[in-house]
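Novice: Let me see the structure of the following:
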Amino acid sequence: MVKFQNIAPDVKLGTNVRIFDFTNLYGCEIGDNTKIGAFVEIQKGVKIGKNCKISSHTFICEGVTIEDNVFIGHNVTFINDLYPRATNRDGSMQTEKDWVCIPTTIKKGASVGSSTTLLAGITVGENAMIGAGSVVTKDVPPNTIVAGNPARVIRTIVEEPTQ
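Specialist: I've put the predicted structure just below:
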């Protein structure tokens, strides 16, 4: 059976990683038991922890770190450049030397709803939740639910005591 996956030799995969078809992975690290949906691209330098779910049609660019137990919904887009340009002032095409990659971190246990866009340089705190369709422009505190464009705090998550 023909597989439609492009997984470069420099990709580091943990054990029991599931990768669906029509994916493009290069220069990244994927932790144990993580699931990568169809039509996902993961660029160089990205680190994804263990037990994560990356849903279909998601783009994870250079500079993103996703810690353990994170859920990424369908069609989530990360941005690593606040002022992207195709060319320099002299008209020459920009290269990697002409911009600085701004890192983004998604902390352990966070959830990012479908069709969310995360701007460069933010941190999503542990166990935080981002509502579907949000545009996240600044840090999200731990245990907080945010939603909207731009994403605003909806409420904090209070853990129920276990019996």
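
Novice: For the spatially closest residue to Pro103 that is not a sequence neighbour, give me its contacts.
Specialist: Using CB to CB, 6 or more residues apart in numbering and skipping residues adjacent in sequence, the residue nearest Pro103 is Gly63, 4.4 Å away. The way it works is simple: take the backbone N, C-alpha and C, and place the C-beta from them, glycine included. Gly63 makes contact with Gly45, Val46, Asn80, Cys101, Ile102, Pro103, Thr104, Ala120, according to CB atoms under 8 Å, 6 or more residues apart in numbering.

Novice: And stretch 134-145, end to end?
Specialist: 11 Å (CA to CA, to the nearest Å).

Novice: Which members of the contacts of Gly63 are classed as buried?
Specialist: Members of the contacts of Gly63 that pass the buried threshold by neighbour count (16 or more other CB atoms under 10 Å) are listed as Gly45, Val46, Asn80, Cys101, Thr104, Ala120.

Novice: ok, those residues vs Thr137, which is closest?
Specialist: Thr137 lies nearest to Ala120 out of the buried ones among the contacts of Gly63, by CB to CB, at 9.9 Å.

Novice: Verify the stated contact: that closest one with Ile79.
Specialist: Yes: using CB atoms under 8 Å, Ala120 is in contact with Ile79, at 5.1 Å.

Novice: ok, back up a step: quick one: the contacts of Gly63 as JSON lines, columns for pLDDT, secondary structure and distance to Val17 too.
Specialist: Below are those laid out as JSON lines (pLDDT from 0 to 100; DSSP: H, G, I helix; E, B strand; the rest coil; distance: CB to CB, whole Å):
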{"residue": "Gly45", "pLDDT": "96", "secondary structure": "coil", "distance to Val17": "18"}
{"residue": "Val46", "pLDDT": "98", "secondary structure": "coil", "distance to Val17": "14"}
{"residue": "Asn80", "pLDDT": "95", "secondary structure": "coil", "distance to Val17": "23"}
{"residue": "Cys101", "pLDDT": "94", "secondary structure": "coil", "distance to Val17": "25"}
{"residue": "Ile102", "pLDDT": "96", "secondary structure": "coil", "distance to Val17": "27"}
{"residue": "Pro103", "pLDDT": "97", "secondary structure": "coil", "distance to Val17": "23"}
{"residue": "Thr104", "pLDDT": "98", "secondary structure": "strand", "distance to Val17": "22"}
{"residue": "Ala120", "pLDDT": "97", "secondary structure": "coil", "distance to Val17": "27"}
